[in-house]
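> Mind folding the following:
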Amino acid sequence: MGESTTLAVHRCRFVDYTPSAITALAFPPLPLPSVSEKGKNSSLKQPSAFGTLAVGHANGNIDLCEWAGGERDHQSSQAWVIRKTLPGPHPSKVDSLAFVIRYPDDFGADHIPSCSDLRLFSSGGGSELLEWDMDRACVRRTISSQGGSIWCMAANPASNLLALGCEDGTVRLLSLANDTLTHYRRFDRVKCRVLSIAWGPPVPQYPQKGNSANIQDSDSDDDEDTWNDTWLVTGSSDSSIRKWDVSTGRVIDRMGTDKVRGERTLVWTVGVLGDGTIVSGDSLGMVKFWDSRTCTQLQSFQGHGADVLCLAVGPEGNTVFTSGVDQKISLFSLVKTGSSGPTSITPVSSSRWVQSCSRRMHSHDVRALATWPPYTVLPSSHKRRFPIDVSPILASGGLDMSVVVTPAALPSTTVVKVINPLLTSAHCTFEDSYHRRLAYSSGASGTSAIQVARKARLVSCIRDSGLSVWRVKARPSSYGDESLEAEAGPVDPESAGWEKVLEMDLNVHTNLIASGISDDGQWLVVSDLYETKLFSISIDAKAQLTVRRIRDFSSILQSHIPKSTTMSTGGQAFQFTPDSSKLVMSTVFSSYVFVVDLTGEKPRVLRRFDQHRLKDSLTRERVVKGRNADDDVEMEDATAQDNGSGEEDEEQNSSTPAVASILRMSISPDGQWLATSDDRSRTHIFNLDSIQHHGVLPSFSKPIQVLAFDRRQPDILIMAFPDNTLQIYNVESRQFPAWGKELCSNLPKRFTHAHDPLLGVAFDPAEPATGSNAAPRYALFWGSTWICKLSVTDSAPRGVTKKRRRENAAPSASLPTDDSHGDFKMIMHYRPILYLDFLAGGELLVVERPLVDVLSDLPPAYFKHKYGAS
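Take a look at the predicted model:
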């Protein structure tokens, strides 16, 4: 381990940021198999590909989380990482989420759809259904339910119908065919709310044998792969479950649940299995299994002590997970039992449901459950099979604001070695495995809501529609420095250290998505999806802040955005230059990068860059070599296969602009270089001295999570990815240096396998200049639960080939451990970390928001005391 670094640590817990509760979870569905595959038991051939996880919040935001591992990686320590946030209208909430496949006929049964292939719908307690544009991170279209508030919704397995359960007691079907959204049918009305809804298994429609030989057109091919929906089931607020005929919109049968003292029981959640079994969870804590043919109860379990709010079916359809107010997740398994009837000679195999186990992984109500791979309601003749050597994943979320993911393999699958995708433990069964709590993000799209003005010693934090600013006072000279590993004791704010200097509530259209504050504390910028607000801050002799809004800033930006593009001036990322003379921002819908001069009487746009609007000019995920020298990056390891034509690229780029979200931005400490990166994994370098485009980097397999320039070498750019891997690039020479390649390929395993993704990089400005006796240069990489001190010194021996380096390292490489990295140190006792940066040389600011403090503001969780029980 490396030597201890002595720093003055401001352990700040005064930032009152409160994450929003999780109210909905959704994984994308899998395409239906072909009708002609009857009896083949279609299997998914790509279990290592993990789908996008959509997380709906009580404040209206939706987080799109992508799997941090590679396309072929079965395992990833970081699991799902937030890639993009869809900001909700203010005020709003998300009650239900549903993914559907945009064009389901274009997919095979073994393909996993990506975000570009999906449509996302949400409802938030009102009568409006929202469809989201996931590329532009905004609402694409809305439609009224025509039946009051939407209480629930569900998409059919074929992804062409969406069912809504409404306040007025009706079920309404919306048609989704060919990327449309129209009303299709209204079911008969009942005198109660429709609280939950689920589709029954579709029935395959086979072509008529008499016509199959004569009809040769395309319509006959379409008939061969047709699935027909016959019925669906709803849970209501009148203690009943109803089975509906989809073709007529009438009730087929009604099932009644238990009542207590004559009061109505609320059926909060329902589900359907491939064999037609209906599963329900109600406000009495009962989990019931029903026969859909006779509409009679098969089994009943007192699975919970309070309301059952959600359920999820396992990928194979033989497990059911339920949870709710009592914070407990219960597992119900289908077990086979051999029985022989009184008149039967041969034994008849039967099965029944049992409550296998229960686990408590949340500290408050659980509102949503989802499993990957998702369960597809299919008849037994077309039942989808999954490989048993990869454990499925159960995701859960609720009022404690964190998504919990757990391996959920069955005990029967332990006959073979099962891979745990989360790398939490060797055990993969739901009962024995360790769960992972995904860290909540304070800002949109995995960024931080907290910004720091170093010279002014100000800390800002945005909320849904407001902003707060604190001042961190200079530490007295009597305070001694403490080691970064030392525990900081309680600090009295009066003597200490901090004061709240500004509180702002803003008039916004959506929740705030980005903010920035200049180093000297004289400029403050915030933005929602449609408007950027710039404020000038003046500090008087008594250290009081006076805020003045620059009213015409939006009109200044609007004049530089083509009218055919958008009327929005919202920004997704902001950066001030170190001398606070310029503001660099990226726009939301138009994907421009603006460089704004702040030194005059009014802000003035110096340059508008449109490089991120260009369509991909990449070959095999690498930059085409044939472009101009000032637009390309020169790589030492360039291969001869990337011989593209620059003229073809220019023609391609002159077509319709691409939609890109520029989410990451960094400016070098000397103010010369600007690096920007978008969600299409494209990174551009700009020279702010000449205000020109400098070059473009190769695209990587994953979007960049963190961009940062080295303080000691301002031309060194460090790029971090969601899987905690790094890339180091020299923007001046336009090369990936050899020492950087060696460092990135030999990162400690404890760093790359940390259970939380990397969120930021900080450099100590007080490090001495380079010299013969200079200390090694280091950087502080940090995630939500860890801080890593890692040397980034150019210590690689020049002129030594990779083969010689491997030969020299071979004798000591028998058991690689983190101890072999003498310049590496991992610190785990600051958690959860919202922000980390240096205020000054040797003075570190760590902003924490403990979960205990967050939960203290919530109402008490469900608790039922049992005498004599632990």
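
> now the strands: where do they sit in the stretch 1-150 of the chain?
Along the stretch 1-150 of the chain, counting by DSSP state E, counting those that start in this stretch, strands occupy 6-12, 22-26, 53-57, 62-67, 80-86, 96-101, 118-123, 128-133, 138-144, 150-155.

> er, the stretch 201-350 of the chain actually
203-205, 226-228, 231-236, 240-245, 251-256, 267-272, 278-282, 286-291, 296-302, 308-313, 319-324, 328-339, 348-360.

> quick one: which of those is nearest residue 743?
strand 348-360 (40.9 Å; CB to CB). Any C-beta I mention is one placed from the backbone N, CA and C, and that applies to glycine too.

> quick revisit: distance to residue 427, mean pLDDT and mean neighbour count added to the strands of the stretch 201-350 of the chain, as a markdown table?
Below are these laid out as a markdown table (distance: least, CB to CB, whole Å; pLDDT from 0 to 100; neighbours: other CB atoms under 10 Å):
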| stretch | distance to residue 427 | mean pLDDT | mean neighbour count |
| --- | --- | --- | --- |
| strand 203-205 | 39 | 86 | 16 |
| strand 226-228 | 38 | 88 | 15 |
| strand 231-236 | 34 | 96 | 26 |
| strand 240-245 | 36 | 96 | 20 |
| strand 251-256 | 38 | 95 | 16 |
| strand 267-272 | 27 | 97 | 25 |
| strand 278-282 | 26 | 97 | 26 |
| strand 286-291 | 25 | 96 | 21 |
| strand 296-302 | 25 | 95 | 14 |
| strand 308-313 | 20 | 97 | 24 |
| strand 319-324 | 16 | 97 | 27 |
| strand 328-339 | 14 | 88 | 17 |
| strand 348-360 | 13 | 87 | 14 |
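
> deepest of the strands of the stretch 1-150 of the chain, which one?
strand 53-57 (a mean of 27; mean count of other CB atoms under 10 Å).

> Give me the residues contacting that one.
Applying CB atoms under 8 Å, 6 or more residues apart in numbering, the external contacts of strand 53-57 come out as 20-27, 62-65, 80, 88, 93-97, 99, 120, 122, 368, 370, 372, 395, 397, 403.

> before we move on, what about stretch 708-720?
Taking CB under 8 Å, 6+ apart as the rule, stretch 708-720 contacts 666-670, 672-673, 675, 677, 683, 685, 700, 704-707, 726-733, 737, 740, 758, 760-761, 763-765, 767, 769-770, 777, 779, 781, 792.

> how about that stretch: buried residues?
708, 709, 710, 711, 712, 713, 714, 716, 717, 718, 719, 720 (16 or more other CB atoms under 10 Å).

> The stretch 701-850 of the chain: strands as residue ranges?
Secondary structure of the stretch 701-850 of the chain (DSSP E, counting those that start in this stretch): strands located at 706-709, 716-720, 726-730, 760-762, 778-782, 787-791, 824-827, 833-840, 843-848.

> okay, the residue lying closest to residue 124 once chain neighbours are set aside: pLDDT?
Closest residue in space to residue 124, ignoring its immediate chain neighbours: residue 93 at 4.5 Å, by CB to CB, 6 or more residues apart in numbering. On pLDDT, residue 93 comes in at 95.

> Distance check, residue 93 against residue 511.
11 Å (CB to CB, to the nearest Å).

> And these two? Which one has more around it.
residue 511 (25 against 20; other CB atoms under 10 Å).

> Now do the phi/psi pair for the more buried one.
phi -60, psi 150 (degrees, to the nearest 10).

> quick one on the thing from earlier: of all the strands of the stretch 201-350 of the chain, which one is nearest residue 593?
Of all the strands of the stretch 201-350 of the chain, strand 308-313 comes closest under CB to CB, at 42.3 Å.
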